[in-house]
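Chemist: only geometry, no sequence info:
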DNA sequence: CTCTCCCT
């Protein structure tokens, strides 16, 4: 069979090539004959034993004849490591071109690239490499196959809009519907119209394959009838063991107690094998671990339990514990959030207990805040959880909900991130690419129109877009930092005042989550170190203190352990800081039209330290002003825009000394709406001074009152009289 | 008195 190679003319598509089903091209394992110089090598033998190996010829045929190939591969079939190698071996990366395989997670890129480099017998970073944020192990001359995070490939489109160096792009785990992979699929569809030679492989779970086929079956080219024949689908069986699923007979009111009883039942009655329990959040996990430890004390010696918590706020060491085999005679019980659903795979799990709930991000464009809501999992997630029991042997899954609930009430799959996220950063990115008409952009799942309106509004009031919604010089500067637009605006303002170092440190700390260790065992230490490092100005300045204190202690692990800080998280913050600093150094912030005179005159002081502190606060307010709130009589807060009722999150530096006015960074909703990462506003009229297009005084009297207050600062208050919908005072 | 999980 002759394979079309990049650089040749595209193969003509005969009438037989359409959506190819197994009956069209049926490939038996025994039919395959090809030369492999490594076939006696143990790795080559392993490769041939993978289920996908039988489909090698079929896959290459589809890629040759169809522009989009959807591979439905069950876990363990080997698609992610093997398909790119088949393409490599068939010559798709000849002639200086490359193959890219995208992943939603960084660790996956690293481990996959290492594995594939080993199978190819090459050094990592030469022929096979990976690119993740802050780490590029590729060589522009040598690398033919690279694993890359979907967000990174999206960044790459910024500098090479047609992705010209790639002959084939494989978007793996597309069914997870991450923000970046969805955006990538939309952009790739546009790229393919301009580059008929580009091949796209989409790997998906069964339930979403048809959606992807429909998405690509029109609009690939001007010829609609032909487009349909350009999409091929292939299913590959996996290599997992059967999992026996048990449902609850009645709905359980208290899933933590039920989970506890179930684990004890499994421990007493079932053969050996570890247990994995899925709950919603950190608090539930800690509670169940505590309950199991208590119950465990009454158990006989030969059936001891080893309960272990797993969630992202734990330190690296604590997370590693779930991988160690339990001591002889003990049964490991990992109690996890959805972290163990995809990002972490634990060997030896035979029993899964699924409470059936998950916390998901929900964006409400009306309020302009992202929230966190506990909801029922989808059937796809429930299956994914169950599958965790059957990785090495047959397993069992206990669902703490009824079969009726599963069949009749659970949605088939989760809502794509695209329709439930704040899209400001993505909209800005698309604007940089010159995509003006967002409503006609081919999103696999178009987000609500209000979300776009809100994004445009936010970007406009930050000065990133002009009156006609075109990107401004400031907007391009913000986009070049690849952090969220509001934080970027703060960094640029800080840099304009000569505070780039401090601003980059704060932005880096904001971009990572959970600087302080979580979990009950750390509470005392964290309380102590917060009393040392946190200040009344709020979390931004406290974060700066933490970073500087860690720096002064040589970025040591010991310092983190002593102070109840998460070393792994701080390391990431340090990486962000380093690279962000480099990008900021390339900007000319003074030329971006920021209100520098106002920023300076508001913050003048005889004390240089005080002046610097006030300048940082003013820069933060000049970026986060849409999220301003003030305290009301019951101790809660009300936002200036929208009148939303909010509460200070327990993690806030100023929790014990709540300020009158503040700006916040984000909101989580559980039973209430909680504000996280808050900065104290000492002078609320700064809002009017720093964002005159957004805030004005409600009445002339209010303005006069404020004017009296402002006289000390010497700022001309005429600036505040512009019309706006937003009122303060 | 408190936080699903990723990612640029």
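Modeler: Here it is on my side, so go on. This is a predicted model, so every value here is computed, not measured.
Chemist: near DNA strand B, which residues of the stretch 501-650 of chain A show up?
Modeler: A:511-514, A:516, A:518, A:523, A:527, A:649-650 (C-beta under 7 Å from any atom of the strand). Glycine gets a C-beta too; all of them are placed from N, C-alpha and C.
Chemist: Near the residue of the stretch 201-350 of chain A found nearest DNA strand B, how many other residues are there?
Modeler: With C-beta to the nearest atom of the strand as the measure, residue A:281 is the residue of the stretch 201-350 of chain A nearest to DNA strand B, at 2.6 Å. A total of 17 residues lie near residue A:281 under the criterion other C-beta atoms under 10 Å.
Chemist: That one reaches residue A:335, doesn't it?
Modeler: No. Using C-beta atoms under 8 Å as the test, residue A:281 is too far from residue A:335 to be in contact (11.3 Å).
Chemist: about what we covered before: so can I have CSV of the residues of the stretch 501-650 of chain A next to DNA strand B showing pLDDT?
Modeler: Formatted as CSV, those follow (pLDDT from 0 to 100):
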residue, pLDDT
A:511, 93
A:512, 90
A:513, 80
A:514, 84
A:516, 93
A:518, 88
A:523, 89
A:527, 93
A:649, 94
A:650, 92
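Chemist: okay, now the domains of chain A?
Modeler: A:29-236, A:243-415, A:481-624, A:686-728 (automatic domain parsing).
Chemist: now the strands for the stretch 501-650 of chain A?
Modeler: A:628-631, A:637-639, A:645-648 (DSSP state E, counting those that start in this stretch).
Chemist: what is the rounded mean pLDDT of the last one?
Modeler: Model confidence over strand A:645-648, given as mean pLDDT, is 94.
Chemist: Now for chain A: which helix has the highest residue count?
Modeler: helix A:567-585 (DSSP state H).
Chemist: Show me what that one packs onto, helices and strands only.
Modeler: helix A:485-496, helix A:500-511, helix A:539-552, helix A:557-563 (3 or more C-beta pairs under 8 Å, 6 or more residues apart in numbering; DSSP states H and E).
Chemist: which parts of the third one are buried?
Modeler: When you say that, I think you mean helix A:539-552. For helix A:539-552, the neighbour count (16 or more other C-beta atoms under 10 Å) marks A:539-547, A:550 as buried.
Chemist: Now do that helix and helix A:567-585, the angle between them.
Modeler: Comparing the axes of helix A:539-552 and helix A:567-585 via axes from the mean of the first three to the mean of the last three C-alpha atoms, to 10 degrees yields an angle of 100 degrees.
Chemist: before we move on, the earlier item: closest to DNA strand B among the buried residues of helix A:539-552?
Modeler: residue A:539 (11.2 Å).
Chemist: give the contact list for the closest one.
Modeler: A:652-654, A:665, A:676-679 (C-beta atoms under 8 Å, 6 or more residues apart in numbering).
Chemist: Worst mean pLDDT across the helices and strands of chain A, which element?
Modeler: Counting by mean pLDDT, DSSP states H and E, the weakest-scoring helix or strand in chain A turns out to be strand A:727-728, with a mean of 56.
Chemist: Next up, phi/psi of the closest residue to residue A:337 other than its chain neighbours, please.
Modeler: Excluding the flanking residues, the one nearest residue A:337 by C-beta to C-beta, 6 or more residues apart in numbering is residue A:311, at 4.6 Å. Phi and psi for residue A:311, reported as degrees, to the nearest 10, are phi -160, psi 170.
Chemist: Can you get me a residue count around residue A:311?
Modeler: 23.
Chemist: Am I right that it is in contact with residue A:343?
Modeler: No. With contact defined as C-beta under 8 Å, residue A:311 does not reach residue A:343; the gap is 11.1 Å.
Chemist: residue of chain A with the smallest distance to DNA strand B?
Modeler: residue A:650 (2.2 Å).
Chemist: Hmm, residue A:669 is touching residue A:373, no?
Modeler: Yes. The pair residue A:669 / residue A:373 is scored as a contact, 6.3 Å apart, by C-beta under 8 Å.
Chemist: quick one: common contacting residues for these two?
Modeler: residue A:362.
Chemist: okay, the two: which has more neighbours?
Modeler: More crowded of residue A:669 and residue A:373, by other C-beta under 10 Å: residue A:669, with 18 against 13.
Chemist: Okay, now the unreliable bits of chain A?
Modeler: A:1-41, A:699-729 (pLDDT under 70).
Chemist: What backbone torsions are found at residue A:394?
Modeler: Dihedral angles (degrees, to the nearest 10) for residue A:394: phi -60, psi 140.
Chemist: Count the neighbours of it for me.
Modeler: 13.
Chemist: Same check on the one 4 residues further on?
Modeler: Burial of residue A:398, expressed as a neighbour count using other C-beta under 10 Å, amounts to 24.
Chemist: Kindly report the residues of the stretch 151-300 of chain A close to DNA strand B.
Modeler: A:151-152, A:154-155, A:178-180, A:280-283.
Chemist: out of those, which are buried?
Modeler: By 16+ other C-beta under 10 Å, those give A:151-152, A:154-155, A:178-180, A:280-282 as buried.
Chemist: So what pairs up with the closest residue in space to residue A:216 that isn't next to it in sequence in the strands?
Modeler: Nearest in space to residue A:216, with sequence neighbours left out and distances taken as C-beta to C-beta, 6+ apart, is residue A:68 at 4.5 Å. When bridges are called by DSSP bridges, residue A:68 pairs up with residue A:200, residue A:231.
Chemist: so residue A:68 sits right up against residue A:218, yeah?
Modeler: No. With contact defined as C-beta under 8 Å, residue A:68 does not reach residue A:218; the gap is 11.6 Å.
Chemist: circling back to that earlier point, got the contact list for the residue of the stretch 201-350 of chain A closest to DNA strand B?
Modeler: A:311, A:337, A:359, A:374.
Chemist: possible to save the residues you listed as TSV with distance to DNA strand B and secondary structure?
Modeler: What follows is these, written out as TSV (distance: C-beta to the nearest atom of the strand, whole Å; DSSP: H, G, I helix; E, B strand; the rest coil):
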residue	distance to DNA strand B	secondary structure
A:311	3	coil
A:337	4	coil
A:359	3	strand
A:374	8	strand
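Chemist: top of the residues you listed by neighbour count?
Modeler: In the contacts of residue A:281, the most neighbours by other C-beta under 10 Å go to residue A:311, 23 neighbours.
Chemist: Count the neighbours of the closest residue to residue A:377 other than its chain neighbours for me.
Modeler: Nearest non-adjacent residue to residue A:377, counting by C-beta to C-beta, 6+ apart: residue A:358, 4.9 Å away. Close neighbours of residue A:358, defined as other C-beta under 10 Å, add up to 22.
Chemist: For residue A:53, which three-state class applies?
Modeler: When classified by DSSP: H, G, I helix; E, B strand; the rest coil, residue A:53 comes out as helix.
Chemist: May I have the phi/psi pair for the residue nearest to residue A:644 when sequence neighbours are not counted?
Modeler: Excluding the flanking residues, the one nearest residue A:644 by C-beta to C-beta, 6+ apart is residue A:367, at 5.7 Å. Dihedral pair for residue A:367: phi -90, psi -20, per degrees, to the nearest 10.
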